[in-house]
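Asker: Kindly return the folded structure for what I paste below:
(chains A and B)
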Amino acid sequence: MLKNVFKIFSRDLKIARRDSMALVIMIMPVLLAVGLVFFVPGLNDTTVNIALLDSDTSEHVAYLDQFAKIEVFGGENELMDRVAKRDDVAAIIPDGNGYEIILQGNEPEMVENYAKALNALYEIGATKEETTAAMYSFGHTVSPVKTMLVNMLISMIIMLSGMLIAISIVGEKSDNTINAVNVTPASQTAFVLGKSMMGGLIALLSIIASLIITGYYDINWFMIILVGLSSMLLSLIVGFVQGLASDDVIEAAANVKMIIIPIAGSIAGYELLADKWQWTMYWSPFYWAYKANMLVLSKTADWPTVLLCTGMVLVLSLAVYFFSRPKIREGLS
Amino acid sequence: MKLLSSYFKEMRIAARGFYFYIELIMAVILLVILLVAVNEESVSKQKEFLYYDMPPAVEDYIIQKEVEKGALKLIEPTEFKMKAVEFEVENRETDELTSYEFEKEIYNLVTYEEWDPDTGKLIKTAYIAETEEQMIRLAFQERKIGATIVIDDSGERAFRYYNQGYETERLVNLLYILHNKLPEVVEASVDNQNVRKLGEVQTLNNRENLVPVMVVFMGSLMGFFIVVAYIFLDKTEGVIRAFAVTPSSVWKYLLSKTMIIITTVLISSSIIAIPVLRGQPNYPLFYLLLIISTFSFAALGLFISSFYDTISKAFGVLYFFMIAMMVPAFSYFIPSFDPLWLRYFPTYPLLQSMKEIIMVSTDAVYVLKTSGIFLAGGLLLFILANYRFKKTLTV
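Answerer: Model prediction:
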């Protein structure tokens, strides 16, 4: 059987060389990972944005520059236009002997509080040197925002690898090759395994490449590969169920859209739900995969937790498989 | 007439297919998620670990003062399962390193919620550690900020902050400066700040804020992908080539496909928007922008599909475009992140215009300007797509 599995796999590999889709699914996560490397620092540097007039004292500008992103404008009209734009910027302009803070009115409370606190500290002459605070650091260099985005990228790779399998199956159906396979010595199981290898391999390689590019060299690679393998199974089942349930690419595309809901829902649930409500997401294998990746990437994972998460991914994925097995069998025959 | 008959024929075919109903089911699911799972007001998940390095009586006095003001509320203690761990902490001023090593343990910490007495909103949850080592270990394991509050010999408060290490220099500077003068002095100066607001601009609640994103990404942008899928399906079945021998023109065929997408997006977007936003948006502008933006993205999809034989070959471009178009969502959700380059993405003005439409005082000029630009771009792309398809048919 193994021989047949590899024959189907090598046939898919040949087709993939002629077809840009597999190549794109392999290359795109890598490009996105490169994009993340450049994009994340800007996303992380967001305390508060302040607009000032160039007629302001250089001392005031330099003082605020230590704590906030500063933009300087030639005139009051220009400055007002900036405040009125759609992002959050607070202006601080000279007013008599003091300063006036100008806001558009729709900024989060935090922006107003920051602007008031910074100007108040300037007015009372507070300096960093006179601080009563001492700072200590754990030396972590990777921000949680970056970890979250990289983890989202991994979820996307899982979805796309499933999509690759789904579209490949739809192609087989339209070419009537599934029926042809039924009269060859290759069993249905060999066909399923052979078709799965391509998507699974792409998922695993893309995840590893993305992690190396985004700088996660010193994570526990055994853990990440274990989670990657369980995620691979997940993408295979998703792909097969989608592919066999779809008669054409439109339906495959619609099915991909449907799978976005549990993936996005699992990420949102993990990130936004309070601890006491996390259990409401336990039904989703994507939730467990996302959680396990998050723990490994933030280097807070231990083996029992990783094994529990991967175990849950496997159990839930197999439950989906056994639930959809009659459909898969029907679709293959 | 031919256009209408073509549209009705396509609509009948679409109604027999699976995709059309998936769109509607998806819209209903999203609506249920919005109404059931998304709170109108965001609930803070901010956590901090504190250790009071002072006599218990002083600690009680400080906490009780805050409790009486309504700023702190005692809740059930929280259990933390601590893992065996070894790590180092660096003093930022002296670069001195201190090593810590801990065994597995379970902590039960006194927990307070910090509330804003003025707005009644939860600010953060504070966990009070029994020792400084306990607080440092918790801040390390839970990846949250930790602080020791000390009363020095002169009776004034001092702080030792334990940061993760990835905080920006500006944020660290801010922590330094906030603990400079006596809190009462800073508070009095903050209260004296002169603040002017340009207008009482309405802010959207969490639920309303998500509608533009769902409508733009799940509607207009997805229409781009689906029209491409429709075209490739017809290409495979040879429907497009059949147009070479029919009296109907290609542009009518392309427009009828686009109209199917627009119809689907109008229905699915209405399912999401109307129950959540009710009478709040400017609906004429909402539907105008929705129709124009869906038309423009569909026209782009048609243009791209004219260069490829199969969806597999076009996949790279489609995929890249869709991912790129989602990037402005970061700026939408994090308004302080708004680089200039991001404003050139078509979905940036589209998201902002949708948001404007939802506001009670809509900036109609901005929305109409965006609609005009999208319409011009969409028409140009449609003309180019028609030219490309006509050329392909005659090959």
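
Asker: for the stretch 151-300 of chain A, what are the low-confidence residue spans?
Answerer: A:248-251, A:253-258 (pLDDT under 70).

Asker: mind listing the helices in it by residue range?
Answerer: A:177-182, A:188-213, A:221-245, A:249-272, A:285-297 (DSSP state H, counting those that start in this stretch).

Asker: And for the stretch 201-350 of chain B?
Answerer: So, for the stretch 201-350 of chain B - with DSSP H, counting those that start in this stretch - the helices run B:206-213, B:222-236, B:239-242, B:250-277, B:283-305, B:311-326, B:328-333, B:347-358.

Asker: Distance check, residue B:320 against residue B:304.
Answerer: 11 Å (Cβ to Cβ, to the nearest Å). Every C-beta, even on glycine, is put in place using the N, C-alpha and C of the backbone.

Asker: And those two? Which one has more around it.
Answerer: residue B:304 (20 against 15; other Cβ atoms under 10 Å in any protein chain shown).

Asker: wouldn't that one be in contact with residue B:318 here?
Answerer: Yes. Judged on Cβ atoms under 8 Å, residue B:304 makes contact with residue B:318 at a distance of 6.8 Å.

Asker: quick one: common contacting residues for the two?
Answerer: residue B:228 (Cβ atoms under 8 Å, 6 or more residues apart in numbering or on different chains).

Asker: and residue A:67, that's in a strand?
Answerer: No. Assessed by DSSP: H, G, I helix; E, B strand; the rest coil, residue A:67 does not belong to a strand; its assignment is coil.

Asker: tell me the contacts of it?
Answerer: Taking Cβ under 8 Å, 6+ apart as the test, what residue A:67 contacts is A:47-48, A:118, B:170, B:173-174, B:177.

Asker: repeat that for 10 Å
Answerer: A:47-48, A:50, A:114, A:117-118, A:121-122, A:128, B:169-178 (Cβ atoms under 10 Å, 6 or more residues apart in numbering or on different chains).

Asker: From these, which land in strands?
Answerer: Counted as lying in strands by DSSP state E, out of the contacts of residue A:67, are residue A:50.

Asker: Buried subset of the contacts of residue A:67 as a ChimeraX selection?
Answerer: Entered in ChimeraX, the line below selects the buried ones among these, by 16 or more other Cβ atoms under 10 Å in any protein chain shown:
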select /A:47,48,50,114,117,118,121,122 /B:170,172,173,174,175,176,177,178
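
Asker: got the helices of the stretch 201-350 of chain B as TSV, with distance to chain A and mean pLDDT columns?
Answerer: Formatted as TSV, the helices of the stretch 201-350 of chain B follow (distance: least, Cβ to the nearest Cβ, whole Å; pLDDT from 0 to 100):
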stretch	distance to chain A	mean pLDDT
helix B:206-213	10	88
helix B:222-236	5	79
helix B:239-242	13	72
helix B:250-277	11	90
helix B:283-305	12	93
helix B:311-326	4	77
helix B:328-333	6	84
helix B:347-358	5	90
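
Asker: With distance to residue A:241 as extra columns, can I get the ones you listed in a markdown table?
Answerer: Shown next, in a markdown table, are the helices of the stretch 201-350 of chain B (distance: least, Cβ to Cβ, whole Å):
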| stretch | distance to residue A:241 |
| --- | --- |
| helix B:206-213 | 28 |
| helix B:222-236 | 19 |
| helix B:239-242 | 29 |
| helix B:250-277 | 23 |
| helix B:283-305 | 27 |
| helix B:311-326 | 20 |
| helix B:328-333 | 28 |
| helix B:347-358 | 31 |
